[in-house]
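# pasting the structure only:
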């Protein structure tokens with residue numbers, strides 16, 4: 001069997017791209033500027049991920065990084081994973097290009113210890129955190145990605161020990177499509193549109209890509225579509241679907257494996273003003289299928305089929321009173337799994353939360369929150385947080401925060417069973433504290449930020465074994481600590497940008513004396529450089545350099561880039577990744593591709 005099983009959704013996604021281009025043609029004429037160099041830059045002044053109630057950027061008291069559509073466009077980024085690589089402290093460990101399957105780590109936390117959101121909708125998968133990177137949105141439809149480092153359970157509940165990633169959809173009027181072809185049979189198409197012939201407040205996006213693979217059993221085919229919009233005043237509907245099929249050679253052991261996943265999300269959000277209060281009600285339903293074949297030459301041997309269903313509902317109320325914003329709310333949800341390996345299980349949960357943001361003095365803002373979560377299988381968890389930000393000068397501010405976070409075990413952690421790996425039904429939830437502080441500086445088009453942090457985790461879940469002949473078994477590791485520093489500097493011009501970033505990290509697990517899979521898999525040093533600028537004759541150059549030094553001693557520098565030229569509303573580009581053909585692995589045992597050249601068109 002091959003990745004060609006995904007041809008039907010791929011064809012559907014290509015059809016949606018064609019509709020976007022062929023239908024509202026006048027959108028292209030109205031929404032597209034003469035060239036991307038002349039496009040206006042819109043500053044985003046409100047963050048929606050760091051707190052329950054949206055907060056102005058000047059009042060954010062936590063470590064928050066953003067990657068905007070302008071960054072994606074100018075730097076020629078092809079996927080959400082490439083956007084996340086720009087952020088110091090975020091380690092996007094891929095098993096293949098084009099977001100095929102990627103584990104995220106924030107500040108040295110494991111791939112399960114983070115929360116992924118799409119427009120505020122929870123994407124974390126109760127079967128396994130390996131699916132958390134299946135974000136149903138193409139790069140061309142990104143308004144911005146907000147990354148909040150540190151404990152986030154007081155705002156979002158379980159999983160946000162290392163941090164929270166929120167991918168936010170573009171809603172500004174636009175019409176954009178891009179098609180690329182390249183080595184190894186690569187074909188990649190993405191499109192996004194809002195405004196014009198579409199109803200006000202609606203965004204439609206579609207994407208599809210495939211490749212024969214750069215080595216045996218590393219082919220893939222994937223695609224999807226998303227639609228989000230305002231049905232009536234205050235009511236927003238969001239529907240997304242995606243399918244992936246990929247060769248998984250070596251992903252989870254020395255075997256020519258295959259994997260197929262499918263995800264559907266349907267959500268509704270209703271915001272209403274009631275006297276002095278604003279209420280927000282949201283319901284999200286998510287369905288996910290995963291079919292894993294351990295050996296394509298021996299169907300039925302360690303072949304697993306999993307189906308998970310999640311439902312989440314929440315209501316919150318906000319009120320501005322004098323110099324403070326108050327928010328209270330409650331949520332409830334359930335997770336179910338039906339699996340040939342894990343069995344049939346269900347967990348339910350409920351939570352209540354409160355938050356206050358108060359201007360304590362002319363230059364100081366205090367934020368504090370408290371949330372209690374109750375689980376049918378794990379008891380309850382209390383998550384407090386407090387943070388403060390103060391302006392030291394018109395261009396300089398200082399911030400500090402502290403918070404508690406937790407994670408409940410996935411169904412794989414608890415119930416998985418094969419000849420190489422064994423779950424543990426008696427696992428306890430992980431929990432930990434994080435403190436951090438930093439400085440943010442802005443002067444004209446210059447911005448700089450630095451943060452230091454320390455995290456103390458207990459009962460961290462990992463798979464360990466005492467000898468190479470034994471099975472990996474899930475267990476709670478008693479104490480894990482992480483400490484580090486992050487720094488970034490950027491400068492924007494009308495048609496250019498420069499970004500420099502660094503992160504240094506140390507993770508200690510003194511109680512871990514046997515071989516483990518995840519806790520000690522991290523990058524000790526991470527350095528990044530991004531440059532985009534016009535060079536000559538209307539040609540633009542974008543360069544991205546990413547250097548990592550991993551704990552196992554592996555170090556590598558990846559250089560990628562784009563050359564492009566605009567001809568009216570059409571950009572012609574040539575992309576190159578890993579230009580120096582470096583051999584590297586971001587996950588042990590999974591080789592990544594060497595130099596890869598592609599080219600294509602973008603229609604605006």
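Happy to help now that I have it. Keep in mind that this is a model prediction, so the values were computed, not measured.

# name the nearest residue to residue 307, ignoring sequence neighbours.
residue 338 (4.6 Å; C-beta to C-beta, 6 or more residues apart in numbering). All C-beta spots, glycine's among them, are computed from the backbone N, C-alpha and C.

# for the one you found, what are its contacts?
Residue 338 makes contacts with 306-308, 344, as judged by C-beta atoms under 8 Å, 6 or more residues apart in numbering.

# surely residue 516 is in contact with residue 460?
No: checked against C-beta atoms under 8 Å, the pair residue 516 and residue 460 is beyond contact range at 9.9 Å.

# look at those two and report which has more neighbours.
Neighbour count, other C-beta atoms under 10 Å: between residue 516 and residue 460, residue 460 has more, with 26 against 18.

# so the more buried one is in which element?
Taking DSSP states H and E as the definition, one finds residue 460 inside strand 446-465.

# about what we covered before: checking my notes, the residue nearest to residue 307 in a strand, right?
Yes: with DSSP: H, G, I helix; E, B strand; the rest coil as the criterion, residue 338 is located in a strand.

# could you check how far it is from residue 558?
40 Å (C-beta to C-beta, to the nearest Å).

# what's the answer for residue 166, then?
Distance, residue 166 to residue 558, by C-beta to C-beta: 26 Å.

# what does residue 536 give?
From residue 536 to residue 558 the distance is 26 Å (C-beta to C-beta).

# now do residue 325
Separation of residue 325 from residue 558 (C-beta to C-beta) stands at 43 Å.

# how far does the strand or helix carrying residue 485 sit from the chain's center?
According to DSSP H and E, residue 485 maps onto strand 472-492. The chain centroid and the centroid of strand 472-492 are separated by 16 Å under C-alpha atoms, centre = their mean, to the nearest Å.

# with stretch 588-601 instead?
That offset, for stretch 588-601, works out to 20 Å (C-alpha atoms, centre = their mean).

# residue contacts, residue 490?
446-448, 497-500.

# mind doing that once more with 6 Å?
447, 499 (C-beta atoms under 6 Å, 6 or more residues apart in numbering).

# give me the more crowded residue out of residue 166 and residue 558.
Between residue 166 and residue 558, counting by other C-beta under 10 Å, residue 166 is the more crowded of the two (23 against 19).

# the more buried one against residue 119, yeah?
No: here residue 166 does not reach residue 119: they are 7.6 Å apart, not a contact under C-beta atoms under 6 Å.

# in this structure, where is pLDDT below threshold?
1-45 (pLDDT under 70).

# can you do 80?
The chain contains residues with pLDDT under 80 at 1-46, 361-362.

# burial measure for residue 207, as a count.
30.

# does anything pack onto the helix or strand hosting it? Which helices or strands?
For residue 207, the host element (DSSP H and E) is strand 203-211. The contact analysis (3 or more C-beta pairs under 6 Å, 6 or more residues apart in numbering; DSSP states H and E) places strand 203-211 against helix 7-22, strand 186-194, strand 220-232.

# residues making contact with it?
Under C-beta under 6 Å, 6+ apart, the answer for strand 203-211 is 10, 13-14, 16-17, 98, 138, 141, 169, 171, 184-194, 220-221, 223, 225-228.

# going along the chain, name the helices of the stretch 101-250 of the chain.
Remark: helices assigned in the stretch 101-250 of the chain by DSSP state H, counting those that start in this stretch are 153-156.

# so where do the strands sit in it?
With strands called from DSSP state E, counting those that start in this stretch, the stretch 101-250 of the chain shows them at 102-106, 115-118, 121-122, 142-149, 163-169, 174-182, 186-194, 203-211, 220-232, 235-247.

# quick one: strands adjacent to the shortest one?
The sheet places strand 121-122 alongside strand 115-118 (antiparallel), with pairing taken from DSSP bridges.

# centre of the chain to the partner strand, how far?
The answer for strand 115-118 is 6 Å, by C-alpha atoms, centre = their mean.

# ok, now stretch 300-307?
Relative to its parent chain, stretch 300-307 has a centroid offset of 27 Å by C-alpha atoms, centre = their mean.

# list the buried residues in that stretch.
Across stretch 300-307, burial judged by 16 or more other C-beta atoms under 10 Å covers 302-304, 306-307.

# wait, a strand at residue 540?
Yes: remark: residue 540 belongs to a strand, assigned using three-state DSSP.

# just give me the neighbour total for it.
23.

# next one: the one 5 residues further on
Look at residue 545: counted by other C-beta under 10 Å, it has 16 neighbours.

# any idea of the angle the regular element (helix or strand) spanning residue 529 forms with strand 102-106?
Assigned by DSSP H and E, residue 529 belongs to strand 523-536. Per axes from the mean of the first three to the mean of the last three C-alpha atoms, to 10 degrees, the angle that strand 523-536 makes with strand 102-106 is 110 degrees.

# circling back to that earlier point, which other helices and strands contact the strand holding residue 460?
Short answer (3+ C-beta pairs under 6 Å, 6+ apart): strand 446-465 packs on strand 430-443, strand 472-492, strand 515-516.

# surely residue 256 is within a helix?
No: Residue 256 sits outside any helix when classified using three-state DSSP, being coil.

# quick check: it touching residue 296?
Yes: counting by C-beta under 6 Å, residue 296 is a contact partner of residue 256 at 5.3 Å.

# show me what the nearest residue to residue 358 once chain neighbours are set aside is bridged to.
Using C-beta to C-beta, 6+ apart and skipping the chain neighbours, the partner closest in space to residue 358 is residue 324 (4.1 Å). Beta-bridge partners for residue 324, by DSSP bridges, are residue 321, residue 358.
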